[in-house]
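S.K.: fold the following for me, if possible:
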Amino acid sequence: MAALLLGGCEATLFTGLNATDRRAGIEATHDIVFDARHQLKLDVYRPAHADHAPVVVFFYGGSWTHGERAWYRFVGTALAAHGIVAVIPDYRKYPQVKMDGFMQDGARAVAWAHEHIGSFGGSPGDMFVMGHSAGGQIGALLVTDPSWLAPYGLRPDNLAGFIGLAGCYDFMPIDPGEKDMLDIFGHDQASQARAQPVRHVSGHEPPMLLLQGTADQEVAPSNAISLARTLREHHDAVDLKLYPAVGHITLAFALSRPLRGKAPTLDDTLAFIHAHTSAPSP
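M.R.: Alright, predicted model coming up:
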């Protein structure tokens, strides 16, 4: 997997994973415009005949510079196959935008889901935000810094929970060699602090599940450990799970059918959702 990604063959790898997903009993609606101004779209995956089902808005990773929602069909079908309505939005990326741009896109996607997901059989009162890597930073910042959802009349505690997969939660100071990240998040401490979910914890966050591989060479496990510690200091509900010998890519790809034996990502995600939802279990 790493060889394919490093060789620039992401599309080939994701096509292979998606070819193995389960589609029986699942309905997918693609290319829904949620931001006409920027022509941003999302896909919805849902169990057939869904009714007041839990909802997950999933933000994919890609270093805030690349990625597309179609690659993550295996995430949508994995969740829908277990009774959950999954929303996978695109968002603008660097260098088109910097942090404010993709954070506004993420907030708009969550607001769209909260307003419209009932039409797809989902329960807006049982909505979770989930993200991997850079997507984990976007999701975690949405549920710790209330300023992003506030324009839509939403608060972080309106959400049922957050599920972070190797997210970037506490990554300052940014290394001087990381030119793109410095341009995205800023060169000074105050600017970089805005991007750190750990800096915004106030005790009003929804429950969180933080999943992290100990062999992650891309996002240090210290990110998840630091956020979990800060949440506990503020008496927030958090469950931190460290998976021995699991790397950055495997943690997310374990949601796909052929790689589920590599890490219990899906099982732990489903258990967390069912423990924090008012909707009946599927």
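S.K.: leaving out chain neighbours, which residue sits closest to Ala237?
M.R.: Excluding the flanking residues, the one nearest Ala237 by C-beta to C-beta, 6 or more residues apart in numbering is Pro207, at 4.0 Å. Using the backbone N, CA and C atoms, a C-beta is placed for each residue, glycine as well.
S.K.: how many neighbours does that neighbour have?
M.R.: When counting by other C-beta atoms under 10 Å, one arrives at 20 neighbours for Pro207.
S.K.: do you know the pLDDT at it?
M.R.: Listed pLDDT for Pro207 reads 98.
S.K.: same question for Ser281.
M.R.: 48.
S.K.: Asn18 now?
M.R.: 73.
S.K.: what residues are up against it?
M.R.: Going by C-beta atoms under 8 Å, 6 or more residues apart in numbering, Asn18 touches 71, 73-74.
S.K.: and it, how far is that from Leu159?
M.R.: 28 Å (C-beta to C-beta, to the nearest Å).
S.K.: ok, now His235?
M.R.: Distance, His235 to Leu159, using C-beta to C-beta: 18 Å.
S.K.: mind checking which of these two has more residues around it?
M.R.: Leu159 (26 against 8).
S.K.: thought that one was touching Thr144?
M.R.: No: between Leu159 and Thr144 there is no contact under C-beta atoms under 8 Å: 11.2 Å.
S.K.: ok, Asp100 to Lys93 distance?
M.R.: For Asp100, the distance to Lys93 equals 13 Å [C-beta to C-beta].
S.K.: surely the residue nearest to Ala237 meets Gly164?
M.R.: No: the criterion here is C-beta under 8 Å, and Pro207 misses it with Gly164 at 11.7 Å.
S.K.: joint contacts of those two?
M.R.: Among the neighbours of Pro207, none is also in contact with Gly164 (C-beta under 8 Å, 6+ apart).
S.K.: okay, now Ala275: neighbour count?
M.R.: By other C-beta under 10 Å, the residues close to Ala275 number 13.
S.K.: repeat for Arg155
M.R.: 13.
S.K.: ok, it touching Ser147?
M.R.: No: Arg155 lies out of contact with Ser147 (C-beta under 8 Å); the separation is 10.6 Å.
S.K.: residue contacts, Pro264?
M.R.: Residues in contact with Pro264 (C-beta under 8 Å, 6+ apart) are 243, 254.
S.K.: pLDDT score for it?
M.R.: The model's pLDDT for Pro264 equals 98.
S.K.: return the distance of it relative to Leu141.
M.R.: Look at Pro264 and Leu141: by C-beta to C-beta, they are 26 Å apart.
S.K.: could you do Ser133 as well?
M.R.: For Ser133, the distance to Leu141 equals 13 Å [C-beta to C-beta].
S.K.: quick check on the contacts of Asn18: which are buried?
M.R.: For the contacts of Asn18, a neighbour count by 16 or more other C-beta atoms under 10 Å gives the buried set as 71, 73-74.
S.K.: follow-up on the earlier one: neighbour count: Asp100 and Lys93, which is higher?
M.R.: Neighbours were counted for Asp100 and for Lys93 using other C-beta under 10 Å; Lys93 has more, 20 against 11.
S.K.: so what's Ile273 closest to, chain neighbours aside?
M.R.: Pro54 (5.3 Å).
S.K.: doesn't the one you found fall inside a helix?
M.R.: No: secondary structure of Pro54 (DSSP: H, G, I helix; E, B strand; the rest coil): strand, not part of a helix.
S.K.: which residues touch Thr29?
M.R.: 43-44, 46, 120.
S.K.: which residues does it bridge with?
M.R.: Legend: beta-bridge partners of Thr29 under DSSP bridges are Val44.
S.K.: give me the pLDDT value at it.
M.R.: 97.
S.K.: now stretch 117-128: mean pLDDT?
M.R.: The average pLDDT for stretch 117-128 rounds to 97.
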